[in-house]
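Student: What follows is a predicted protein model with its sequence.
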Amino acid sequence: MAAQPYRGRFAPTPSGPLHFGSLVAALGSYLDALSHAGIWLVRIEDVDPPRNAPGASDAILRTLEAYGFEWEETVQYQSQRSDAYREALEQLRQLGRVYACTCTRKQLADIARRGVDGPVYPGTCRARPNLDHAAALRLHVPAGRIVFADGQQGLVACDVATECGDFVLQRADSVFAYHLAVVVDDAAQGVSHVVRGADLLTSTPRHIILQRVLGLDAPNYLHLPVVLDEHGKKLSKQTLAAPIDARAPLTGLIQAAAFLGMSIDHPPQTPSEFWEWAVPAWSRRRIDPLRGRRWRTGSNPCKS
Ligand code: GLU
Ligand code: ZN
């Protein structure tokens, strides 16, 4: 059987400029793709309009370019993909897996217990026919454990029904959920390998559930250690992590490579020297499994 062609991607949310944490995800996914003679795509995850910062998509693409990343095919924007998300939702509805939920935030706070990633919705509205057009739509999550082998984190197992509960596919304000969008887009773009930060590790079992219900192939997953700030918090646009400097690509690239465990004996002098060195030097095995450890144990009770 012919090996599946490698198709990787980097999928930033344009809620602000790229920071060091997103550079690490971009670099890890890029080097893993190129070292497997694969192709690398960029997708702008602007599915949630209130989170999009003006000008951020273009700034992200310009910064990636300045750093020497080269993507193939055209950049896909989630804001243009509503028809595909609607179609997937319709398919789920026909399978009897979608229901409307009219619970208020306050009601949710009263009925939900805390799970791996926020409140676990107990399925209160499942049996209620809700014709309210302003309702959120939830997936009726099938019972049972999801187990998958992560390229970096090892075997991960999670019972989504009890750890996350029936999650939202489309919000009451009609915005499609990230979980639905990412699954539909990875499948539509033929993505075979998802390399991203371990902050998304608890989301992956939900993505695998959706892939199974929709009859889509699951990509291979590799979750990279998360870059933490001095307080042990994930660097993020919400915590106003400093943007990476588009004018000093070499420094950022070398630091991101070092974060991913690459040892640099003779520091490259130019970005193109960096890329010449980095692609053949990349090895998943060099990633330090203890990096970002506090993140994993602190917030991922998905048992492995
Ligand atoms: N858009 C997500 C983020 O910027 C990444 C999603 C993914 O890689 O699946 O955190
Ligand atoms: Zn409800």
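Tutor: Looks like it came in fine. Ligands and ions are numbered 1, 2, ... in the order given.
Student: alpha carbons only for contacts and neighbour counts from here, please
Tutor: Will do.
Student: what about Leu23, is that helix, strand or coil?
Tutor: Using DSSP: H, G, I helix; E, B strand; the rest coil, the structure places Leu23 in helix.
Student: Quick check on the residue of the chain positioned farthest from its centre: phi, psi?
Tutor: Outermost residue of the chain with respect to the C-alpha centroid, by Cα atoms, centre = their mean, is His266; its distance is 33.1 Å. Phi and psi for His266, reported as degrees, to the nearest 10, are phi -120, psi 90.
Student: so what pLDDT did it get?
Tutor: His266 carries a pLDDT value of 89.
Student: Repeat that for Ala112.
Tutor: pLDDT, Ala112: 84.
Student: State the distance from it to Pro119.
Tutor: Going from Ala112 to Pro119 by Cα to Cα, to the nearest Å gives 5 Å.
Student: wait, Asp150 sits on Leu222?
Tutor: Yes. Using Cα atoms under 8 Å, Asp150 is in contact with Leu222, at 5.2 Å.
Student: low-confidence ranges in the stretch 201-304 of the chain?
Tutor: Confidence mapping of the stretch 201-304 of the chain against pLDDT under 70 gives the ranges 237-240, 292-304.
Student: give me the residue from it nearest ligand 2.
Tutor: Arg206 (18.8 Å; Cα to the ion).
Student: Next up, the contacts around that residue.
Tutor: 160, 179 (Cα atoms under 8 Å, 6 or more residues apart in numbering).
Student: try 10 Å
Tutor: For Arg206, the contacting residues are 139, 141, 146, 158-161, 164-167, 179-180, 183, 212, by Cα atoms under 10 Å, 6 or more residues apart in numbering.
Student: what do you get for Arg247?
Tutor: Contacts of Arg247 by Cα under 10 Å, 6+ apart are 63, 66-67.
Student: any idea which of the residues you listed is the one closest to ligand 2?
Tutor: Looking across the contacts of Arg247 and measuring by Cα to the ion, the closest to ligand 2 is Thr63, at 42.0 Å.
Student: residues contacting the closest one?
Tutor: Thr63 neighbours (Cα under 10 Å, 6+ apart): 17-18, 23, 57, 69, 243-247, 249.
Student: buried stuff in the helix or strand containing it?
Tutor: Element membership for Thr63 (DSSP states H and E) is helix 56-66. Buried positions in helix 56-66, judged by neighbour count with 16 or more other Cα atoms under 10 Å: 56-57, 59-61, 63-64, 66.
Student: With respect to Tyr30, which of those residues is nearest?
Tutor: Nearest to Tyr30, judged by Cα to Cα, of these is Leu64 at 11.0 Å.
Student: His19 is in contact with the closest one, correct?
Tutor: No. In this structure, Leu64 is not within contact of His19 by Cα atoms under 10 Å, at 11.3 Å.
Student: Which parts of the stretch 201-304 of the chain are helices?
Tutor: According to DSSP state H, counting those that start in this stretch, the stretch 201-304 of the chain carries its helices in the segments 204-214, 249-259, 271-281, 293-299.
Student: again, but for the stretch 1-150 of the chain
Tutor: Using DSSP H, counting those that start in this stretch, helices in the stretch 1-150 of the chain cover 20-35, 56-66, 82-94, 105-111.
Student: list the helices and strands the third one packs on?
Tutor: For helix 82-94, the helices and strands in contact under the criterion 3 or more Cα pairs under 10 Å, 6 or more residues apart in numbering; DSSP states H and E are strand 98-101, strand 136-139, strand 168-170, helix 178-188, helix 204-214.
Student: Do I have it right that Val191 meets Ser29?
Tutor: No. Val191 is beyond contact range of Ser29, at 11.7 Å (criterion: Cα under 10 Å).
Student: Between these two, which is the more surrounded one?
Tutor: Set Val191 next to Ser29 and count neighbours by other Cα atoms under 10 Å: Ser29 wins out with 25 against 22.
Student: In contact with that one, which residues are there?
Tutor: Per Cα under 10 Å, 6+ apart, neighbours of Ser29: 8-11, 23, 40-41, 193-197, 222-224.
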